[in-house]
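Novice: only the shape, not the letters, is given here:
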């Protein structure tokens, strides 16, 4: 690839994702918001940054095969300030939004850097490691492509719209943070967090959480006896985890050698449902407005089922999520 020509005086931020599975053009290109997408860190010799970041971090950067880069001209590039913070925050949020689709395979983690260009020579001012996200056992990998990145830009715009008025969307934002907490977990706490993130959207009455979870989630998911049954089991598993009990107590009716697989099946189903629900709210302003305040959410759930489902749109069929019983060494579904 041709190396990026840094501006004479600028501030920039760079998200480097290491050994990630992608299907992207070999040359650098820009997304609709101006963010550059590059197949490697855009400097001819990473050694120029060794004094700032050290040799170990330099080796990490050398393994990056997906780099997201933003740069703005600046009259005071030497000063680390709010511009750097904003550019950093935009890329960090985009990285989070990419995880609202399933199947990202990042073997080596990701780093966030910010720096300045003085006389066209880029220097690093700060570098931090991004949190690790995990996949539910039985997952299938999918390559990050241009459409996925553009969707991330769209989802990030939804977050910005929610953040614009701090009196709005407090419950949705807390629920979304809970969803991301679940995506960072590795065991049964994943499902616990995914169910809680959906509870943020359904606003259950005290003492009626299970009943309303099962009923109201059938607005997000295709309504039916099979969907109802798996929602009942998933909620029971959430409660077992909440009380620090084994999560398979709710699935004792299954053969002993299948229970762990069923638990991960329920986890993937609820994860898919939570990702889909929050993605819809971020993409669709008209739908999102029904979730701006607790009063608005309560009013949404008081609507007749058919009217509410019409507003929500095509439900997700989580019963189609396959049960997996064979796994490869990375805990992905094995053919």
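Specialist: That came through, no problem. Nothing here was measured: the structure is a model prediction, and the numbers come from that model.
Novice: and the helices in the stretch 151-300 of the chain?
Specialist: Along the stretch 151-300 of the chain, the stretches classed as helices by DSSP state H, counting those that start in this stretch are 170-183, 189-202, 209-220, 225-242, 259-283, 285-288, 294-302.
Novice: and these: which comes nearest residue 100?
Specialist: In terms of C-beta to C-beta, the element of the helices of the stretch 151-300 of the chain nearest to residue 100 is helix 259-283, at 5.0 Å. All C-beta atoms are positioned from the backbone trio N, CA, C, and that covers glycine.
Novice: would you map the strands across the protein?
Specialist: 9-18, 29-30, 36-38, 64-73, 110-118, 121-129 (DSSP state E).
Novice: mean neighbour count, those strands: which tops it?
Specialist: strand 9-18 (a mean of 23; mean count of other C-beta atoms under 10 Å).
Novice: what strands flank it, and is each parallel or antiparallel?
Specialist: Paired with strand 9-18 in the same sheet, following DSSP bridges, are strand 64-73 (antiparallel), strand 110-118 (antiparallel).
Novice: need the pLDDT of residue 1.
Specialist: What the model reports as pLDDT for residue 1 is 42.
Novice: meant to ask about residue 172, not that
Specialist: So residue 172 comes in at 97 (pLDDT).
Novice: how about the nearest residue to it once chain neighbours are set aside, what does it touch?
Specialist: With sequence-adjacent residues excluded and distances taken as C-beta to C-beta, 6 or more residues apart in numbering, residue 172 is closest to residue 291, at 5.1 Å. Residue 291 makes contact with 169, 171, 172, 201, 281, 297, 300, according to C-beta atoms under 8 Å, 6 or more residues apart in numbering.
Novice: next one: the residue nearest in space to the middle of the chain relative to residue 177, how far apart?
Specialist: Using C-alpha atoms, centre = their mean, the residue of the chain that lies closest to the mean C-alpha position is residue 99, 2.8 Å off. Shown here: residue 99 relative to residue 177, a distance of 13 Å by C-beta to C-beta, to the nearest Å.
Novice: distance of residue 79 relative to residue 11?
Specialist: Counting by C-beta to C-beta - residue 79 and residue 11 are separated by 9 Å.
Novice: where in the protein is the helix or strand with the lowest mean pLDDT?
Specialist: The helix or strand of the chain with the lowest confidence, counting by mean pLDDT, DSSP states H and E, is helix 50-62 at a mean of 82.
Novice: please work out which residues outside that helix touch it.
Specialist: Counting by C-beta under 8 Å, 6+ apart, 16, 18, 41, 46-47, 49, 108-109, 111, 113, 123-125, 127 sit against helix 50-62.
Novice: make a markdown table from the residues you listed and add pLDDT to it.
Specialist: Putting those into a markdown table (pLDDT from 0 to 100) gives the following:
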| residue | pLDDT |
| --- | --- |
| 16 | 95 |
| 18 | 92 |
| 41 | 91 |
| 46 | 78 |
| 47 | 76 |
| 49 | 83 |
| 108 | 77 |
| 109 | 87 |
| 111 | 94 |
| 113 | 93 |
| 123 | 89 |
| 124 | 89 |
| 125 | 87 |
| 127 | 90 |
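Novice: thanks a lot, catch you later.
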